[in-house]
Every structure is written in C-alpha cells, then in structure tokens.
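K.L.:
Model the following, please.
(2 chains)
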Amino acid sequence: MVKRRHLLIGFLILLGGILIWKILFPSEEKRVIQRFELLSQYTEKKANEDILSTANRIKNLSQLFSNPCDFKIEGDPFYSFTGSYSREEIGGYALRGRSYFLDLSLHFSDYKIKFSDRETAQVQLIGRLTGKTTAGERVDEVRELLCILKKIEKAWLIARLEVVEVLKR
Amino acid sequence: MKQRIKGFFFPSLTPRFLIRVALVGVLAYLVFGHILTPFLIRGTSMEPTYRDGGFNFCVKVRYLFSEPKRGDVVAIRFAGNQRMLLKRVVALEGEEVEFRKGTLFINGKPFDEPYVQYPCDWNLPPRRVEKGCLYVIGDNRSMPIEEHLFGQTRIERIVGSPLW
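P.N.:
A predicted model of the protein is given here:
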C-alpha cells in the first residue's frame, strides 16, 4: 500500500516537473505561436482605451516585427499594403488602422509551422479580425496568412507577412 | 404505449444502446464532416442560382476521381476549413479569359452563359489561366467588376461542389 502511494507521489512529481519544464522552456513551435498570441493581444482594442495604453500597445506591437519587415497584402481592390516597412512605419500604420475601430480583436488559429533551419520558421495560419468601426459598421474578416519568422537575438520576429491570394485576377 | 414513449425519450443506458449512439455519432461525423458538409450561403455573388441565406451541402467527394469541368459550381477553400467561396468554373488551365462589354470570351470566342441573368458591363483584358489553376466567377455580375471576387485559383483549393 505504501509502495503504491509512493509510486503515485513520484508520478505526480514527475508530471509536475514536466509541466514546469514545458512552461519554463517552451518548444520553438510554442515560442512561434506565442509571437502571434502577443500580436493578437497588442492589436486588440477596447472601446474605452486610453492614450497611454494605445502608445504602449503600438510600441510592443512593432517590436514583434523584424526591422524592416516585408508585407504582401493585396488582392482586394480597396486596400493594398505591399512592401518593406520599418518598425516605426509599422507602428504608424497600426496606429492609423486601429483608429478606424471602436473595438477590435484579432484571433489566430490553425497553425502549420515548418522550420527550414534553426533560425527560420514558415507559418501558415488563419487570421480572423472582428470589430466595430467608428462609423458603426461591423467587421468580420477571415484570411489565410503565410508568415516567415526569423530568430534574431533569441526572439522570433515576423520578417514577412503575406495574405494568401485565393483568387488571382 | 406510454412505456414505449418513455423508452424513446428516456432510454436505459444498456451497452447495446451506447454502442448504437457511438456508431451514429461516428457516422454523422464522417458523413457531415468529410462527405456532405452543410453550409450556409452568405452574399449575393452567385445569384440567382444560389440565393443569399440559402442552405446546401458541399459534396466533398465529387472531385475525388475527376477534375472540375467548365460550368461546374465549386466550393473553394478560402480560409481554414470554415470559410468557402462558391463560384462557377468558366475556364480551364491554359485557356484565355476576357470580358468585353459584359460578354465572357474564352480563347477569343464569346461564351454563352445561360446562368447569368442580370445585366453586366464588365471589361477585362485577356489573361491566361496558369498551370494547375481554374478560372472561377460568380453568376451575379450586376455589380461593378471591382466589387466582385473572381479569378484563378489552384485546383487543390477546390473542396467540392454543392449538392443541388
């Protein structure tokens, strides 16, 4: 009986150890996903957001991208965002983009991650942007994204972000 | 009779009943998840063939052993497994697509489209469909060309076709 209890305690300690190890030392895949979770967190906007919070979010958001970062967002006749942009420019565009919304949320899912080498990750994922514009219009857009992340100074940074063009005219 | 009704709504959890429930669950998952996926139509780009708010099933096994043909209405994977586009195949790989005053031209010849019933005034310079692609357009071309989502898509993105 005592032996069985010891075994159980040992098993629980082992399980706890594995859990702590996983939290303290996440896999590279988890680290990549965490970057998108942060991007989602910093993009989010609540109706009563104050200026300090906005500034903080924009600053943190731009730090998630490499300097410069390549964007390819086209295919829609009404917007296009293609080229190489510095962190400052990304911050500026993000600030302007967020200002069109009263509330905004960005959610990522369906991650498919491939590591071409130790310092480059290719991520295919789905991005869903929902919110309400200042004009009172509801927005609910879903797109497939293709991103390249580079490990620079031990941090995964988004070096390229492309919206997959499903229909090409 | 009362006993049968009670038995129907509150069945006893016998192993046989549980196996039956599990089988129904697995079958429903296979059929509605991978063979006949139910979907709601949002938007007017396929009107009048498919109305906004309509309901249908996507036959995911339709192109298991064949390729989509010209005139087929297909469901295209847009983002993830939840969002699809419903469009009609108008041209195959290697063909040239063009619009002149609302008339579709395939390889320089006007193409009759009885399913297009609203007036159209589109103009689009000729372009060739790339290898491994199909050219798809909605049936409703009454809106300006800029507002209609159409073009060539990879064949791998085609997930099936509507049941009716």
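K.L.:
ok, B:Ser161 - how many residues close by?
P.N.:
Per other C-beta atoms under 10 Å in any protein chain shown, the neighbour tally for B:Ser161 reads 19. Backbone N, C-alpha and C define where each C-beta goes, glycine included.
K.L.:
I meant to write B:Arg157 there.
P.N.:
Other residues close to B:Arg157 by other C-beta under 10 Å number 20.
K.L.:
again, but for B:Arg4
P.N.:
7.
K.L.:
Kindly provide the distance from it to B:Pro15.
P.N.:
Counting by C-beta to C-beta, to the nearest Å, the gap from B:Arg4 to B:Pro15 is 21 Å.
K.L.:
What of A:Gly16?
P.N.:
A:Gly16 is 37 Å from B:Pro15, by C-beta to C-beta.
K.L.:
just the strands in chain A please.
P.N.:
For chain A, applying DSSP state E gives strands covering A:65-73, A:81-85, A:101-117, A:120-133, A:138-152, A:155-163.
K.L.:
Mind checking these for the one nearest to B:Tyr118?
P.N.:
With C-beta to C-beta as the measure, strand A:138-152 is the member of the strands of chain A nearest B:Tyr118 (26.1 Å).
K.L.:
Which residues does that closest one contact?
P.N.:
A:32, A:35, A:66, A:101, A:118-133, A:156-164, A:166, B:78-80, B:82-83 (C-beta atoms under 8 Å, 6 or more residues apart in numbering or on different chains).
K.L.:
Give the PyMOL command for selecting the buried subset of those residues.
P.N.:
Buried subset of the contacts of strand A:138-152, written as a PyMOL selection, criterion 16 or more other C-beta atoms under 10 Å in any protein chain shown:
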select buried, (chain A and resi 32+35+66+101+121+123+125+126+127+128+129+131+156+157+158+159+160+161+162+163+166) or (chain B and resi 78+79+80+83)
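K.L.:
Up against chain A, what does chain B have?
P.N.:
B:76-83, B:85, B:87, B:124, B:127, B:136, B:146-147, B:149-153, B:157 (C-beta under 8 Å from any C-beta of the partner chain).
K.L.:
how about JSON lines for the strands of chain A, with mean pLDDT added?
P.N.:
Shown next, in JSON lines, are these (pLDDT from 0 to 100):
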{"stretch": "strand A:65-73", "mean pLDDT": "92"}
{"stretch": "strand A:81-85", "mean pLDDT": "91"}
{"stretch": "strand A:101-117", "mean pLDDT": "93"}
{"stretch": "strand A:120-133", "mean pLDDT": "93"}
{"stretch": "strand A:138-152", "mean pLDDT": "92"}
{"stretch": "strand A:155-163", "mean pLDDT": "94"}
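K.L.:
Distance to B:Pro38 added to those, as CSV?
P.N.:
Converted to CSV, the strands of chain A look like this (distance: least, C-beta to C-beta, whole Å):
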stretch, distance to B:Pro38
strand A:65-73, 32
strand A:81-85, 35
strand A:101-117, 20
strand A:120-133, 20
strand A:138-152, 18
strand A:155-163, 28
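K.L.:
Can you check my assumption that B:Trp122 lies in a strand?
P.N.:
No - counting by DSSP: H, G, I helix; E, B strand; the rest coil, B:Trp122 falls outside a strand, being coil.
K.L.:
and it, what does it touch?
P.N.:
If a contact means C-beta under 8 Å, 6+ apart, then B:Trp122 has B:99, B:101-102, B:141, B:145 as its contacts.
K.L.:
coming back round to it: filter the residues of chain B next to chain A to the buried ones?
P.N.:
Judged by 16+ other C-beta under 10 Å, buried ones among these: B:76-80, B:83, B:85, B:87, B:124, B:127, B:136, B:149-153, B:157.
K.L.:
CA atoms only: put stretch A:57-68 into PDB for me.
P.N.:
Extracted as PDB, the C-alpha positions of stretch A:57-68 are listed here (Å, rounded to 0.1, in the frame of the first residue of the first chain):
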ATOM      1  CA  ARG A  57       0.400  48.600 -27.400                       C
ATOM      2  CA  ILE A  58       1.700  50.100 -30.600                       C
ATOM      3  CA  LYS A  59       5.300  50.100 -29.300                       C
ATOM      4  CA  ASN A  60       5.100  46.500 -28.200                       C
ATOM      5  CA  LEU A  61       3.400  45.500 -31.500                       C
ATOM      6  CA  SER A  62       6.100  47.000 -33.600                       C
ATOM      7  CA  GLN A  63       8.700  45.100 -31.600                       C
ATOM      8  CA  LEU A  64       7.200  41.800 -32.900                       C
ATOM      9  CA  PHE A  65       8.400  42.500 -36.400                       C
ATOM     10  CA  SER A  66      11.900  42.500 -37.800                       C
ATOM     11  CA  ASN A  67      13.300  45.800 -39.000                       C
ATOM     12  CA  PRO A  68      12.400  46.000 -41.800                       C
END
